[in-house]
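[1] predicted model, plus sequence, below.
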Amino acid sequence: MMDKGCKITTEIQRILIEHQLDLHSNASKRQTLHPQSTVEADNENRGELPSDQLVHEVLLSSRLHLPFLRRTKLGPSTIVGAGRGLFATENISKGEVITCYPGDALLYDLPLPDDTDDMNEKFVDYDDDEDDDDVGTETIVLWGSHVPPNDVWDEDTVFDGSESTIPLTSYAVSVDDHYSVMGHPALDTDPAYYGHFANDGAGHLALEGPNSQNNLQAAIELGLDTDEDGLGVEMNIAAYVLRSLEVANAWHKSIADGSHVVTVATRDIKAGEEVLVTYGPDFWLGHS
Ligand SMILES: C[S@@+](CC[C@H](N)C(=O)[O-])C[C@H]1O[C@@H](n2cnc3c(N)ncnc32)[C@H](O)[C@@H]1O
């Protein structure tokens, strides 16, 4: 008999495929549900998109109806100063899907027309493994059609935050070379899409001063020469990586050809435990 974890994954994939087939056969639906930029010029610069790309972006940005995925709740984080956190409401086994990571807004690297030899190159080929690093890009924000107008932020707020919010980019998870998904902190009522509330169990270490006791201890454990000049950032990273990996019990992973992101347990999690992931040093270096 299939265990609960397996059933959840299979069911999400089945619903994604059903949605994908429906979108492929229904042009007006994929146009209506297609995520859009608040900057009209960005939408115009993208021109007419191939149907594959439209479908891909709709799937990435959609919140599916997954009433069977109620395994978590939100509450004050166990990490001081981290705001809200994500908590398991039932025992979850290693390898099981805990919740999905929403794509309420997507970050998309729009190739700049001046740098493309062929105008068709601005339409992304997902199967193309070639390195696109030499193509100049501009990162644009595409909002899911389900996001209420009042929760749609202008680009300055997305990238820089405001007096009342941290940047939406703090809620971003990279999917592939072209897309990242961002969950919206105001959209917090569906436990099937709570991935963006998972904190990093050691982010505070990355923010600590380089000579803090925690950082010195980690540097010693890693065999770094603590007398050497200029070790500050390295010590922060060392302490952070050690602790973050030690306490993380989940990771965000893309499924179904990168059309959705899910949060998966990397070890058994008990009901009541906080779900913690590793954001990686780049996230915290951007915050220091
Ligand atoms: C993806 S959000 C996580 C949910 C967030 N705690 C909330 O209340 O909406 C990422 C943000 O959570 C906070 N955070 C996560 N882990 C943290 C930690 N270990 N220490 C301090 N802040 C943390 C930081 O503000 C970070 O930018």
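    Yep, it's here.

[2] so for stretch 174-186, mean pLDDT?
    Mean pLDDT, taken over the full extent of stretch 174-186, equals 96.

[3] ok, and for that stretch, which residues are buried?
    Buried positions in stretch 174-186, judged by neighbour count with 16 or more other Cβ atoms under 10 Å: 175, 178, 179, 180, 181, 182, 183, 184, 185. From N, CA and C alone the C-beta is placed, and that goes for glycine too.

[4] any idea how far residue 39 is from the fourth one?
    Pointing back at residue 180 there. With distances taken as Cβ to Cβ, to the nearest Å, residue 180 is found 17 Å from residue 39.

[5] and if you look at the third one?
    To residue 39, residue 179 is 17 Å away according to Cβ to Cβ.

[6] before we move on, back to that, so which of the buried residues of stretch 174-186 also contact the ligand?
    Filtering those for proximity to the ligand (criterion: Cβ under 6 Å from any ligand atom) leaves residue 185.

[7] which members of the buried residues of stretch 174-186 are positioned in strands?
    For the buried residues of stretch 174-186, membership in strands holds for 179, 180, 181, 182, with DSSP state E as the criterion.

[8] list just the nearest of the residues you listed to the ligand.
    For the ligand, the nearest member of those is residue 182. The distance, counting by Cβ to the nearest ligand atom, is 9.1 Å.

[9] quick one, phi/psi of the residue nearest to the spatial centre of the chain?
    Most central in the chain under Cα atoms, centre = their mean is residue 173, positioned 2.3 Å from the mean C-alpha point. Dihedral angles of residue 173 (phi, psi; degrees, to the nearest 10) stand at phi -130, psi 130.

[10] my guess is it meets residue 251, correct?
    No. The pair residue 173 / residue 251 is not scored as a contact, 9.9 Å apart, by Cβ atoms under 8 Å.

[11] for the helix or strand bottoming out on mean pLDDT in the chain, name the packing helices and strands.
    One helix or strand of the chain scores below all others by mean pLDDT, DSSP states H and E: helix 213-221, with a mean of 74. Contacts defined by 3 or more Cβ pairs under 8 Å, 6 or more residues apart in numbering; DSSP states H and E place helix 213-221 against helix 203-207, helix 232-247.

[12] now residue 88: how far from the ligand?
    Distance, residue 88 to the ligand, by Cβ to the nearest ligand atom, to the nearest Å: 16 Å.
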